[in-house]
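A.B. asks: Okay, here's the prediction I keep looking at, along with the sequence it came from:
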Amino acid sequence: MAETKTYKKENVFKRIGRAFVNFFTKSIPHFFTKTLPGAFVKLGKGIAKFFVNFGRRFMEGSIGTKISHFIMGAGSLFHGQIIKGILYLLIQVGFICYMVFCPTVTGPNGVKVPTGYKSLINLGLQGTEASITHWTPGTVVQSSSSFLMLLLGLVTIAMIILFIILWLSNIKSSFLADTAVKEGRKPSSFKEDVLALFDNRFHILMLTPTCLAALIFTLLPTILMICIAFTTYNDNYMQSLTPPTTLFHWNGFDNFASVFTMDASSAIGVEIGARFLPVLGWTFLWAIFATFTCYFGGILLAILINKKGLKGKKVFRTIFILTIAIPQFISLMIMRNMLMSQGPINQFLMNIGLTKQAIDFLGQTDKGNPWVARITVIVINMWLGIPYTMLMTSGILMNIPADLYEAARVDGASKAKMFFKITLPYVIFITTPYLIGSFVGNINSFNSIFLLSGGGPVKYGADGSTFQAGQTDLLVTWLYKLTIDQHDYNTGAVIGIFTFLITATITLVTYRRSKAYNEEDTFQ
């Protein structure tokens, strides 16, 4: 109780500091020791319950339901649901034909890659590409069918999962028809099922296309990226192969080890390992400053603009909203051109005698000061981010109950005390989800870094290469360079996995333990 009273006496900034300490010392350990194990326990109970219900349906179902476990649509045909039964049966026949006859897909290098059960075998990424017909000695096959083999294998797994879902749906449908017969009702017809999709099951009709699109365009590419992290798929490895053997292979956790161990036997491993922790540290530093400068700057700006008696409020709001109305990449490119060595700002500083030579604001040369570039991108980001917070906070300030301020004035509270005890806590309480989303978004802030500094200043390697990440590179911009510039796809996938784990953990842990989540209907 004493600790609670002490906490309430602290100002907002001390509370934020305490929240950061608690996040790393309590929230994250609690997540991995209590929340995550609890989720696995619930998952185990759910799986056990599923098998219990599955066995009950088989034992208690009619002969049609029992047969539907082996022949899809048998239960529907047994109950006179002809169209539904035929559709289920066609799905099973089509799936069996796909898995058994294994139609082939021709890759970009002329190799025919099989599907069906053979695509599952090909997930081992073994063998050679001896069937390449256009290869002649002295030429290099630039593309690899192993990528297509991996993709088709994952697509086949997805089709198997989808088939299992439809197979269970077929059993459930037959069991529901059994229940209807036992209760003296007639099983629903195909027409009634279709009409139900536009009535009480309308959510299924609308959500199914979205779920399929998420599976195809989000989940499947993500899983493919995760798989790439465990392979030898990079430009150096592929160029070292002798055609027609151009398959990459699984290499376990070697790519993850290279990020931390700085393997001296690999120049790439040394460069990756030497830069990962510095880039990770700068990513967190950038996210903290980029988030809180824009957040508190927007709050202060909103308070100033909404101050009673201030004339021209609409004009001020319009001026700041212009930074939102203009596309962000245009603003960033304009600022980059203005801050270049030969840009107007440097020219102005040299003309008035403040500097004798151009200042490398954005680390465009390898001799640039990294901290100058880092401070510059943070300041420019404030110009772009503060107006968003200002607009949101303006609406919140207008909805703070006036009686809170009246009671504070009666008690003799100063304006500063009312700001730190009423205004700021209220705004933070309402905007906590936005604050968390903004922090995570800044971890993945690609435009602000790539379009301004390009990750520079860059330190060149001993061989003159620029494989290493620049001094202002974030994990996401480094990932871009690894994949697009260096074609180091496996290491880029590893960096992508780490970025996802960091952002997902911060989002889940912070939001679930925030007052905005646990006490969303109250404010004290």
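C.D. replies: Right, received. Where do you want to start? Bear in mind the structure is a predicted one, so any value in this text is a computation, not a measurement.
A.B. asks: low pLDDT regions in the stretch 1-150 of the chain?
C.D. replies: Filtered on pLDDT under 70, the stretch 1-150 of the chain yields the residue ranges 1-17, 19-20, 23-24, 108-110, 126-144.
A.B. asks: which residues in it form helices?
C.D. replies: 2-9, 12-22, 28-30, 36-60, 63-68, 74-78, 82-101, 116-121, 145-182 (DSSP state H, counting those that start in this stretch).
A.B. asks: Which one, of the ones you listed, ends up nearest to Lys356?
C.D. replies: helix 12-22 (40.4 Å; C-beta to C-beta). To be clear about C-beta, it is placed using only N, CA and C from the backbone, and glycine gets the same treatment.
A.B. asks: Now the helices of the stretch 1-150 of the chain in a markdown table, please, with extra columns for distance to Leu205 and mean neighbour count.
C.D. replies: Output for those, formatted as a markdown table (distance: least, C-beta to C-beta, whole Å; neighbours: other C-beta atoms under 10 Å):
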| stretch | distance to Leu205 | mean neighbour count |
| --- | --- | --- |
| helix 2-9 | 50 | 8 |
| helix 12-22 | 43 | 13 |
| helix 28-30 | 40 | 14 |
| helix 36-60 | 25 | 11 |
| helix 63-68 | 24 | 20 |
| helix 74-78 | 20 | 24 |
| helix 82-101 | 16 | 16 |
| helix 116-121 | 31 | 18 |
| helix 145-182 | 15 | 18 |
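A.B. asks: among those, which is nearest His249?
C.D. replies: Counting by C-beta to C-beta, His249 lies closest to helix 145-182 out of these; the figure is 7.8 Å.
A.B. asks: Tell me which other helices or strands the closest one touches.
C.D. replies: Packed against helix 145-182 by the contact rule (3 or more C-beta pairs under 8 Å, 6 or more residues apart in numbering; DSSP states H and E) you find helix 36-60, helix 63-68, helix 74-78, helix 82-101, strand 112-114, helix 116-121, helix 220-228.
A.B. asks: any chance of the ones you listed in TSV, plus distance to Ile171?
C.D. replies: Formatted as TSV, the helices and strands packed on helix 145-182 follow (distance: least, C-beta to C-beta, whole Å):
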stretch	distance to Ile171
helix 36-60	6
helix 63-68	5
helix 74-78	7
helix 82-101	10
strand 112-114	31
helix 116-121	24
helix 220-228	26
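A.B. asks: okay, the helices of the stretch 1-150 of the chain in a markdown table with distance to Ile334 next?
C.D. replies: Formatted as a markdown table, the helices of the stretch 1-150 of the chain follow (distance: least, C-beta to C-beta, whole Å):
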| stretch | distance to Ile334 |
| --- | --- |
| helix 2-9 | 46 |
| helix 12-22 | 34 |
| helix 28-30 | 40 |
| helix 36-60 | 46 |
| helix 63-68 | 65 |
| helix 74-78 | 64 |
| helix 82-101 | 54 |
| helix 116-121 | 50 |
| helix 145-182 | 39 |
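A.B. asks: Output the helix or strand containing Asn490 in CSV with nothing but the alpha carbons.
C.D. replies: If you go by DSSP states H and E, Asn490 is part of helix 489-512. Extracted in CSV, the C-alpha atoms of helix 489-512 (Å, rounded to 0.1, in the frame of the first residue of the first chain):
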residue,chain,number,x,y,z
TYR,A,489,18.2,-13.7,-48.6
ASN,A,490,18.8,-16.1,-45.8
THR,A,491,20.4,-13.6,-43.5
GLY,A,492,17.8,-11.0,-44.4
ALA,A,493,15.1,-13.6,-43.4
VAL,A,494,16.9,-14.0,-40.0
ILE,A,495,16.8,-10.2,-39.5
GLY,A,496,13.2,-10.2,-40.5
ILE,A,497,12.4,-12.9,-37.9
PHE,A,498,14.2,-11.0,-35.1
THR,A,499,12.3,-7.8,-36.1
PHE,A,500,9.0,-9.6,-35.9
LEU,A,501,9.8,-11.2,-32.6
ILE,A,502,10.8,-7.8,-31.1
THR,A,503,7.7,-5.9,-32.3
ALA,A,504,5.3,-8.7,-31.5
THR,A,505,6.6,-9.2,-28.0
ILE,A,506,6.6,-5.4,-27.2
THR,A,507,3.1,-5.0,-28.6
LEU,A,508,1.5,-8.0,-26.8
VAL,A,509,3.2,-7.5,-23.4
THR,A,510,2.8,-3.8,-23.2
TYR,A,511,-0.8,-3.6,-24.4
ARG,A,512,-2.0,-6.5,-22.3
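A.B. asks: Measure how far that helix is from the centre of its chain, please.
C.D. replies: Put simply, helix 489-512 sits 7 Å off its chain's centre (C-alpha atoms, centre = their mean, to the nearest Å).
A.B. asks: pLDDT on that helix, on average?
C.D. replies: Across helix 489-512, pLDDT averages out at 85.
A.B. asks: i'd like the first residue to be 776 from this point on
C.D. replies: Got it, the first residue is 776 from now on, which makes the last one we talked about helix 1264-1287.
A.B. asks: just checking, what packs against that helix?
C.D. replies: helix 803-805, helix 995-1003, helix 1029-1036, helix 1042-1080, helix 1199-1218, helix 1250-1255.
A.B. asks: nearest to Gly860, of these?
C.D. replies: Comparison of the helices and strands packed on helix 1264-1287 against Gly860 by C-beta to C-beta identifies helix 995-1003 as nearest, at 30.5 Å.
A.B. asks: Can you name the next helix or strand after that closest one?
C.D. replies: Beyond helix 995-1003 on the C-terminal side, the first helix or strand identified by DSSP H and E is helix 1010-1015.
A.B. asks: Any buried residues in that following helix, and which?
C.D. replies: 1012-1013 (16 or more other C-beta atoms under 10 Å).
A.B. asks: in stretch 1109-1125, what counts as buried?
C.D. replies: For stretch 1109-1125, a neighbour-count test (16+ other C-beta under 10 Å) marks 1110-1111, 1114-1115, 1118, 1121 as buried.
A.B. asks: would you turn those into a markdown table with pLDDT and distance to Leu1179?
C.D. replies: Shown next, in a markdown table, are the buried residues of stretch 1109-1125 (pLDDT from 0 to 100; distance: C-beta to C-beta, whole Å):
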| residue | pLDDT | distance to Leu1179 |
| --- | --- | --- |
| Met1110 | 92 | 40 |
| Arg1111 | 92 | 45 |
| Leu1114 | 92 | 44 |
| Met1115 | 90 | 50 |
| Gly1118 | 90 | 49 |
| Asn1121 | 91 | 50 |
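A.B. asks: Closest one of these to Phe1136?
C.D. replies: Closest approach between the buried residues of stretch 1109-1125 and Phe1136, by C-beta to C-beta: Leu1114, at 4.2 Å.
A.B. asks: measure that closest one to Lys1256 for me?
C.D. replies: 22 Å (C-beta to C-beta, to the nearest Å).
A.B. asks: With Gly1160 instead?
C.D. replies: Gly1160 is 24 Å from Lys1256, by C-beta to C-beta.
A.B. asks: try Ile1096
C.D. replies: Distance from Ile1096 to Lys1256, by C-beta to C-beta: 34 Å.
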